[in-house]
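**Student:** Take a look and give me a structure for this.
(2 chains)
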Number of protein chains: 2
Amino acid sequence: MGSYCFGIDVGGTTVKCGLFLTDGTLVEKWEIPTRTENQGEAILPDVADTINAKIAEKGIAKEAVKGVGIGVPGPVNGKGEVLCAVNLFWGFTPAAKILSELTGLPAMAGNDANVAALGETWKGAAEGSKDVIMVTLGTGVGGGIIINGKIISGHHGAGGEIGHAAMNHQETEACNCGNKGCLEQYTSATGIVRVALQELASGSEDSVLRAVEKVTAKDVLDAYKAGDAVAERIMEKVGDTLGGALAVFSCVVDPETIVIGGGVSKAGQPLIDCIRKYYEKYAFSPCKDTPIVTAKLGNDAGIYGAARLVLQDA
Amino acid sequence: MGSYCFGIDVGGTTVKCGLFLTDGTLVEKWEIPTRTENQGEAILPDVADTINAKIAEKGIAKEAVKGVGIGVPGPVNGKGEVLCAVNLFWGFTPAAKILSELTGLPAMAGNDANVAALGETWKGAAEGSKDVIMVTLGTGVGGGIIINGKIISGHHGAGGEIGHAAMNHQETEACNCGNKGCLEQYTSATGIVRVALQELASGSEDSVLRAVEKVTAKDVLDAYKAGDAVAERIMEKVGDTLGGALAVFSCVVDPETIVIGGGVSKAGQPLIDCIRKYYEKYAFSPCKDTPIVTAKLGNDAGIYGAARLVLQDA
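**Tutor:** A predicted model of the protein is given here:
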């Protein structure tokens, strides 16, 4: 039984790496570039090299390493096979198997948003909870469902793909996925801007946002916190959509804790309050008091969750 | 290791009982009345008595019985504790513990709709699938989520309570649960009738339904199958709501199979086709081909699922 493990989080430009003790203590973290040329063929060998180098540098015996977990931006099935990862230029890639062969260590792989949810459940905002829904509000909307401390990968690797829940059947604009009315179209950073521009165009009421050349989600949230009336209407729409969606998801898995992560979540408690107002309105009565909290681990959630992957029984 | 087990399904008027081999073969099934007087205090003792009598009648050695599983109409937590069961007049009842004490056998308890989903996953319409969503269209709408062959009970025992997913925020009439716009209000037997009466009242177009004194869901579905234009509009609304809800649920857990059960599901393939049309419209692309099938076990799903409960590892 090893007393160390590695958690790897592969992004489109950098690979975040963490050496952990198996109790979850982060010993050291570092980054390497993500080399996406030639269909990203160097990515897994680069990861293996940096792991082997770290083991050598620290003078750790190989048998003291329990394994390596890796989070990847794409659908991953329960066998640790990546079905595709557009930003890495990967097609089908049995990432866990390859990484295990390259390192001589047990390896596991998961979808990056799922893995981040696992990290927040293990050592972050939902520490101590067994059943967790995490929604990540970034450029898009990702998510992860943790049940009994484990990721729900789903039959097509689409477990936790809550950004693509079709919440508005009246929507006329298409989401990046091709459908219309996805949660992501209203509650991602770009979605919030989309809602904001629609709201600004629908009237002429004074707003600090009218003076901003290129409105960002942060501008909207700052204006909301400052009491701008138009920003309030924008965020009520965002909160209604997200709170309503979370209420539906709660009927499915009834989590112990709901975690809001991603760049948008930096807005903190005012955002949470806005989501909570509508969550409570729409949630099934036994689930109305489910805590909604902001993520704690920031960009480290992925390496924590990846490390956790290899510490679980199958 | 026993080679028999019991599956018990407690309803408001009768308790269905099944003696099974642990391979899932149903040896015998029978019913006893549900005695709800005095806060239903006799129900679990009656169940224990009928089990003990059956063991004696069959000359089965007690050690040849692996245990007894019981499904109850109310929220049940992961410890087999019933939080309440309105139709049985039960408050908090540690059903598994009580039943184990009364029978001297290992016992497990689960929510009846969840347990039916487990039964259909074990030996019914979703046999061979590990991840399943079942929706039961009866007087109300129940449901069960099975992940890796096990029930998702949820933190408040509300896992799979998909009948109370708020799908229509514009609804003005209240659901029995107190919220507005629940899936149940449109897709249960009573919900279909509600949608039908609204549609009939909204115009004066000819329909066979206008000659029916008290329209039932079966009347609507029969008229739909016969090509009645008003019934078609009614069922398009029902299919849109249910298909749309299932598409959202699929983004959460990405099941291998979706099972439609309950009395309404007797309408068969035309109902499935109507749901599937809208499911495919709204589902996230990797999940669009997920099979939607009708339940197979009918009223026996509960006893099968209850028996399965005691054959699983914790």
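
**Student:** The spatially closest residue to residue A:88 that is not a sequence neighbour: neighbouring residues, count only.
**Tutor:** With C-beta to C-beta, 6 or more residues apart in numbering or on different chains as the criterion, residue A:88 has its nearest non-adjacent residue at 4.2 Å, and that residue is residue A:40. Any C-beta I mention is one placed from the backbone N, CA and C, and that applies to glycine too. Neighbour count for residue A:40, taken as other C-beta atoms under 10 Å in any protein chain shown: 20.

**Student:** helix or strand for residue A:30, which one?
**Tutor:** For residue A:30, the enclosing helix or strand under DSSP states H and E is strand A:26-33.

**Student:** Go through whichever helix or strand comes after that strand and flag the buried ones.
**Tutor:** Per DSSP H and E, the first helix or strand lying C-terminal to strand A:26-33 is helix A:37-40. Within helix A:37-40, the residues that qualify as buried by neighbour count (16 or more other C-beta atoms under 10 Å in any protein chain shown) are residue A:40.

**Student:** what about the residue of the stretch 101-250 of chain A found nearest chain B, is that helix, strand or coil?
**Tutor:** The nearest approach of the stretch 101-250 of chain A to chain B comes at residue A:154, 2.5 Å away (C-beta to the nearest C-beta). Secondary structure for residue A:154, judged by DSSP: H, G, I helix; E, B strand; the rest coil, is coil.

**Student:** Please look at it and residue B:249 and confirm they touch.
**Tutor:** No - look at residue A:154 against residue B:249 with C-beta atoms under 8 Å: they stay out of range, at 11.3 Å.

**Student:** Please enumerate the shared neighbours of the two.
**Tutor:** Both residue A:154 and residue B:249 are contacted by residue B:255, under the criterion C-beta atoms under 8 Å, 6 or more residues apart in numbering or on different chains.

**Student:** what sits against the closest residue to residue A:8 other than its chain neighbours?
**Tutor:** Spatial nearest neighbour of residue A:8, excluding adjacent residues (C-beta to C-beta, 6+ apart): residue A:70 at 4.3 Å. Residue A:70 makes contact with A:8-10, A:47, A:95-96, A:99, A:107-110, A:306, A:309 under the criterion C-beta under 8 Å, 6+ apart.

**Student:** Show me the strands paired with the strand holding residue A:30, marking each as parallel or antiparallel.
**Tutor:** strand A:14-21 (antiparallel) (DSSP bridges).

**Student:** List the buried residues for the partner strand?
**Tutor:** Buried residues in strand A:14-21, counted by 16+ other C-beta under 10 Å: A:15-20.

**Student:** hmm, back to that, and the strand holding residue A:30, what's its mean pLDDT?
**Tutor:** On average, the pLDDT along strand A:26-33 is 97.

**Student:** Identify the residues contacting that strand?
**Tutor:** If you take C-beta under 8 Å, 6+ apart as the criterion, strand A:26-33 is touched by A:4, A:13-21, A:46-47, A:50, A:54, A:300, A:303-304.

**Student:** one more time with 6 Å
**Tutor:** Residues outside strand A:26-33 that contact it (C-beta atoms under 6 Å, 6 or more residues apart in numbering or on different chains) are A:14-20, A:46, A:50.

**Student:** try stretch A:232-244
**Tutor:** By C-beta under 6 Å, 6+ apart, stretch A:232-244 touches A:167, A:186-187, A:192, A:195-196, A:199, A:220, A:224, A:274-275, A:278-279, A:282.

**Student:** Quick one: these as a markdown table, columns for pLDDT and secondary structure too.
**Tutor:** Below are the contacts of stretch A:232-244 laid out as a markdown table (pLDDT from 0 to 100; DSSP: H, G, I helix; E, B strand; the rest coil):
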| residue | pLDDT | secondary structure |
| --- | --- | --- |
| A:167 | 97 | coil |
| A:186 | 98 | helix |
| A:187 | 97 | helix |
| A:192 | 98 | helix |
| A:195 | 97 | helix |
| A:196 | 98 | helix |
| A:199 | 97 | helix |
| A:220 | 98 | helix |
| A:224 | 97 | helix |
| A:274 | 97 | helix |
| A:275 | 98 | helix |
| A:278 | 98 | helix |
| A:279 | 98 | helix |
| A:282 | 97 | helix |
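
**Student:** Check residue A:251 and give its pLDDT.
**Tutor:** For residue A:251, the pLDDT comes out at 96.

**Student:** you'd agree it is up against residue B:166?
**Tutor:** No - here residue A:251 lies out of contact with residue B:166, judged by C-beta atoms under 6 Å, at a distance of 8.3 Å.

**Student:** Same drill for these two, tell me which one is more crowded.
**Tutor:** More neighbours surround residue A:251 than the other of residue A:251 and residue B:166, with 30 against 24 (other C-beta under 10 Å).

**Student:** Now do the contacts for that one.
**Tutor:** A:284, B:161-162, B:164-165 are the contacts of residue A:251 under C-beta under 6 Å, 6+ apart.

**Student:** Backbone dihedrals for the residue of chain A positioned farthest from its centre, please?
**Tutor:** Here chain A reaches farthest from its C-alpha mean at residue A:204, the gap being 36.3 Å by C-alpha atoms, centre = their mean. Residue A:204 has phi and psi values of phi -130, psi 20 when expressed as degrees, to the nearest 10.

**Student:** For residue A:223, see how far away it is.
**Tutor:** With the distance defined as C-beta to C-beta, to the nearest Å, residue A:204 ends up 16 Å from residue A:223.

**Student:** Likewise for residue A:63?
**Tutor:** Going from residue A:63 to residue A:223 by C-beta to C-beta gives 56 Å.

**Student:** more neighbours, these two?
**Tutor:** Taking other C-beta under 10 Å, residue A:63 and residue A:223 do not tie; residue A:223 has more neighbours (22 against 10).

**Student:** Would you verify that residue A:44 is located in a strand?
**Tutor:** No - counting by three-state DSSP, residue A:44 falls outside a strand, being helix.

**Student:** count of residues packed around it?
**Tutor:** By other C-beta under 10 Å, 26 other residues sit near residue A:44.

**Student:** Now it: closest residue in space that isn't a chain neighbour?
**Tutor:** residue A:98 (5.1 Å).

**Student:** Assign the one you found to helix, strand or coil.
**Tutor:** Secondary structure for residue A:98, judged by three-state DSSP, is helix.

**Student:** Count residues in the vicinity of it, would you?
**Tutor:** Applying the criterion other C-beta under 10 Å, we find 21 residues in the vicinity of residue A:98.

**Student:** Kindly report the same for residue A:79.
**Tutor:** Number of residues near residue A:79 (other C-beta under 10 Å) recorded here: 11.

**Student:** Pull up the gap between residue A:163 and residue A:185, please.
**Tutor:** Noted for residue A:163: a distance of 9 Å to residue A:185, by C-beta to C-beta.

**Student:** Same check on residue A:59?
**Tutor:** Distance from residue A:59 to residue A:185, counting by C-beta to C-beta: 51 Å.

**Student:** neighbour count winner among those two?
**Tutor:** Looking at residue A:59 and residue A:185 with other C-beta under 10 Å, you find the greater number of neighbours at residue A:185, namely 27 against 6.
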